[in-house]
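Asks: generate coordinates for the sequence data below:
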Amino acid sequence: MSGALSAGGLSRERLEAIEEARLLPCALRSAAATRRHPVDPEGRTFDLRTEFQRDRDRIVHARAFRRLRHKTQLYLIGGDDHTRNRLIHTLEVVGMARTLSRALGLNEDLTEAIALGHDLGHSAFGLPGERVLHGILSGDVKISGLEPHVASVGGFKHNQQSLRVVDRLEKRYRHPGLNLTDAVREGILKSADPGEGISYPDVICEGLHLDLAPFLETQVVILADAIATQVHDLDDGLHGGALALEEVHHLAIVRQVAARMGHALGRGRFLRINQLNRGLVHLLVTAGATHGAAAVAAWMESTSLAVHDEFAARRQKLPADLITLPPKVHAMHAELAELVSRRVINSFTVQRADERAGHCMRTLFSVFYHDPRLLEDHVLIRFREETGVRFLRDCRPADMAREIADHYYGNPIFVRLLADHLASMTDTWAMKEYRRLKQ
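Replies: Numbering: from 1, shown residues only. Next up, the predicted model:
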């Protein structure tokens, strides 16, 4: 092994040299990556990974990543085994993002790590769960006794929660979180609502360029996420019967895909749906890569960016939407998104499931808030660690009500902890808790 390393074939230094040789000046380099904590070698004498490759592996091995397979993408978990869950969606975003990044001369490893981590903060039931938690933590969804105390909690956004997961909530090392590079942390945060700012009160901002537009690898993930969401929600809707194949024929983007395929377009419904899915992905990713390459080249020329060392000084001029679809394709993608929203997301099956999910999340939050004794021990232990109050189960029964009233009710730390707990749940875990508490 050491001989192979000394020959330069596998070493981190060799991989960094390959990066330097092939990446555009506006692509980020792993050799310059920074972390909040030094990486503990733990007995290792060499490393075969760049810093961003290390981040990729840390995310994949995280418990929050594994839980994505039991979280909703569009249809609730437990129905059709072939509909997408949040993990499958993440992997599909990764595939498209890597293709785009490689085609554009950007850092593929950085792009992959951001894409893998961009949805780690999604709650049980996906977007319906996020809406409920944000409503509770912003006062729009009323929980008895909670309203006067929510202003300092900061709402709930899955991208900010994803950063919270990798910075604080994952427990794999001596320090909290995964200790990811600052570039991956920033990319995860800006992978959604990049211009919105931070509402969470305790975000670790060190190393994050909050005043700058997303760097290009993050913009690639944003585009890949937008493509994957609409195309694959359509695919699941077609296979699930929310709409018929004939209902999409009028879409300009579908007509263009069909024209490209010509005689190769199959006759059977199942085959045609799969061909349509492939054709849409190819059209959109190719359009994004072609348009993005031209936009990046024009921007580098306009800013006289010739070498990577100059990029930091030029980044203030970087637009937030340099990597995007060309206008005509963007319009076709928007038409597709409108149909998906109207016929799939607004379908009876999805809306009924969303209401069930919302009711489950509201009930769990209310029950746990009013009676913390019903929480699992690890949640109460974390509250003790963050506040210094004694472990609730160590209280005498006669003192329990006073302890809860004094230290739990209206405590922003407890409210945020409940949001963390519900966000960490999978769909199946949340429904089991709901049924258990309602018995």
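Asks: so what touches the helix or strand where residue 188 lies?
Replies: Assigned by DSSP states H and E, residue 188 belongs to helix 182-189. Contact partners of helix 182-189, identified using CB atoms under 8 Å, 6 or more residues apart in numbering, comprise 28, 33-36, 52, 55, 110, 113-114, 117-118, 120, 159-160, 162-163, 166-167, 180, 198, 203, 206-209, 214-215, 217-218, 221. The way it works is simple: take the backbone N, C-alpha and C, and place the C-beta from them, glycine included.
Asks: give me the helices and strands touching the next helix or strand after it, please.
Replies: Using DSSP H and E, the next helix or strand after helix 182-189 towards the C-terminus is helix 216-240. Counting contacts by 3 or more CB pairs under 8 Å, 6 or more residues apart in numbering; DSSP states H and E, helix 216-240 is packed against helix 86-104, helix 108-117, helix 182-189, helix 269-302, helix 327-339.
Asks: now do 10 Å
Replies: In terms of contact count using 3 or more CB pairs under 10 Å, 6 or more residues apart in numbering; DSSP states H and E, helix 216-240 is assigned the packing partners helix 86-104, helix 108-117, helix 182-189, helix 252-261, helix 269-302, helix 327-339, helix 348-370.
Asks: those into CSV, with extra columns for mean pLDDT?
Replies: As requested, the helices and strands packed on helix 216-240 are arranged in CSV below (pLDDT from 0 to 100):
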stretch, mean pLDDT
helix 86-104, 97
helix 108-117, 99
helix 182-189, 98
helix 252-261, 93
helix 269-302, 96
helix 327-339, 97
helix 348-370, 93
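Asks: and these: which comes nearest residue 145?
Replies: Closest to residue 145 of those is helix 348-370 (CB to CB; 7.2 Å).
Asks: next, the buried residues of that closest one.
Replies: Along helix 348-370, the positions that meet the burial threshold by neighbour count (16 or more other CB atoms under 10 Å) are 349-350, 353-354, 357-358, 360-362, 364-369.
Asks: ok so, going back, which one of the helices and strands packed on helix 216-240 lies closest to residue 147?
Replies: Once the helices and strands packed on helix 216-240 are compared by CB to CB, helix 348-370 is nearest, at 11.7 Å.
Asks: torsion angles phi and psi at residue 171?
Replies: Comment: the main-chain dihedrals of residue 171 come out as phi -130, psi 90, following degrees, to the nearest 10.
Asks: neighbours of it, how many?
Replies: Residue 171 is surrounded by 14 other residues when neighbours are defined as other CB atoms under 10 Å.
Asks: thinking it is in contact with residue 63, fair?
Replies: Yes - shown here, residue 171 and residue 63 form a contact pair, counting by CB atoms under 10 Å, at 8.3 Å.
Asks: who's in contact with residue 288?
Replies: By CB atoms under 10 Å, 6 or more residues apart in numbering, residue 288 lies in contact with 96, 99-100, 103-104, 219-220, 223-224, 226-227, 323-326, 329-330, 333.
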